[in-house]
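>>> show me how the following folds:
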Amino acid sequence: MQCNEGMADISLRSKIGSKCLRGGLVGPDKAFYNGGVTINSTQIDSNLLVSQIQAFAQQLGFSQIGVASVDLSSAEAGLLAWLQQGFHGDMAYMANHGLKRARPAELVPGTLSVITARMDYLPRTTHGDWQVAELQRLHRPTEGIVSVYARGRDYHKVLRSRLQQLSDRIASQIGAFGHRVFTDSAPVLEAELAARSGQGWRGKHTLLLNRDAGSLFFLGEIYVDVALPVSEPVQTHCGTCTACMDVCPTQAIVAPHRLDARRCISYLTIEHAGVIPQEFRRPMGNRIYGCDDCQLVCPWNKFARRSALADFDPREGMSGEQLVALFEWTEEEFLKRTEGSPIRRIGHERWQRNIAVALGNALRQGGDVRAVLQRHAEHPSALVREHVAWAITQGA
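Residues are numbered from 1 along each chain as shown. Model prediction:
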């Protein structure tokens, strides 16, 4: 993390390793508004620099680059209201940093601009009717459904590495500069920053939507101590459509642009560490890690783009696998199969908890899964055991 100790003459000291990053910066002045900014005592055409950054990003597999200002003050009231209503559930980290999420220059002192990046993740081999194909999985109750984004390599690793490479390429053009890379890993209002920098607009499900790419993409940011010209935001294009709200199995989208995470299947299967409330178990169906329903029915996702990277291709066992086979994974096998995957973070116990719920739903629909549930009736984990016991009752 780089920290800033001044505005006119910055000395930035990286606390990562022993390297000391230094660079002189002059903030925006009259020249900036004509496309010029002074970095390390050199006058640079900031518009040209942004164009260079966009070209570098495309070479690294990013789909779009934007620039946002650090003023997110108009988002603070909404953030506070969401937290006060408890919609963040167990995600205490959402509140731990207070309003720093909406104040980039407080989170990383000296930040003058935020470079936002978008990367598509729909697997390269995805067929044209992928939305229909994914929705059909819901009608195969003995098949475990893993959210599309989680079937390949952990996006945190992919984006963080490539954002750092992008930062290095920027440095090759302008010299040392203060920066910090983020990708869903710190108190950052990612979707808000992306929307303000022209990456898309906030859909009623709160996800970012892009007219040319739908919503199946990851977001990342580089906080920089360089004043760059901001990108223009785009208009919203949801109109009167409420498909995402209507399809939500647990009605987690309580109002347009308002999500109660405590009801969301993605939250329940990934973020929530304890017992899954019984009222949400049947609606979970055969979803064992995340939920894509609101994206699958969104008309804009007919434009979703395939990833240029092999990283997001599905791994064995993450697409089309039977619940019974997944439930029999030992912890050792789970760790081996999820190495480098975002799924590993929930651990083997919660993985089995989720599958137990799905098995109960399959049993209720006539699936031949009772035997595997009975074999795990005395599971050593009280958490898994409780969900197995519930699942067995679904076939009564």
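>>> CA only for contacts and neighbour counts going forward, please
Will do.
>>> residue 342 and residue 290, how far apart?
Going from residue 342 to residue 290 by C-alpha to C-alpha, to the nearest Å gives 11 Å.
>>> neighbour-wise, which of the two wins?
A count of neighbours by other C-alpha atoms under 10 Å puts residue 290 above the other of residue 342 and residue 290, at 22 against 18.
>>> the nearest residue to the more buried one once chain neighbours are set aside: how many residues sit nearby?
Leaving aside its chain neighbours, residue 290 sits nearest to residue 266 (3.9 Å; criterion: C-alpha to C-alpha, 6 or more residues apart in numbering). Counted by other C-alpha under 10 Å, the residues lying close to residue 266 total 19.
>>> and if you look at residue 370?
Counted with other C-alpha under 10 Å, residue 370 comes out at 20.
>>> for it, what are its contacts?
363, 392, 395 (C-alpha atoms under 8 Å, 6 or more residues apart in numbering).
>>> the first one and residue 175, how far apart?
Look at residue 363 and residue 175: by C-alpha to C-alpha, they are 62 Å apart.
>>> neighbour-wise, which of the two wins?
Neighbours were counted for residue 363 and for residue 175 using other C-alpha under 10 Å; residue 363 has more, 22 against 15.
>>> quick check on that one: phi, psi?
Dihedral pair for residue 363: phi -60, psi -40, per degrees, to the nearest 10.
>>> with the one 4 residues further on instead?
Recorded main-chain torsions at residue 367 are phi -70, psi 140, according to degrees, to the nearest 10.
>>> test my guess that it contacts residue 143.
No. Between residue 367 and residue 143 there is no contact, the gap being 10.1 Å when judged by C-alpha atoms under 8 Å.
>>> of these two, who's got more company?
More crowded of residue 367 and residue 143, by other C-alpha under 10 Å: residue 143, with 23 against 15.
>>> so the more buried one makes contact with residue 285?
No. Between residue 143 and residue 285 there is no contact under C-alpha under 8 Å: 10.1 Å.
>>> quick one on the thing from earlier: and which of the contacts of residue 370 is nearest residue 148?
Taking C-alpha to C-alpha as the measure, residue 148 lies nearest residue 363 of these, at 24.6 Å.
>>> which residues in the stretch 51-200 of the chain form helices?
76-84, 93-96, 104-107, 130-137, 155-174, 190-196 (DSSP state H, counting those that start in this stretch).
>>> deepest of those, which one?
Ranked by mean neighbour count, the helices of the stretch 51-200 of the chain are led by helix 190-196 with a mean of 24 (mean count of other C-alpha atoms under 10 Å).
>>> partner strands of the helix or strand following it, parallel or antiparallel?
For helix 190-196, the following helix or strand on the C-terminal side (DSSP states H and E) is strand 201-202. Strands that pair with strand 201-202, judged by DSSP bridges, come out as strand 208-209 (antiparallel).
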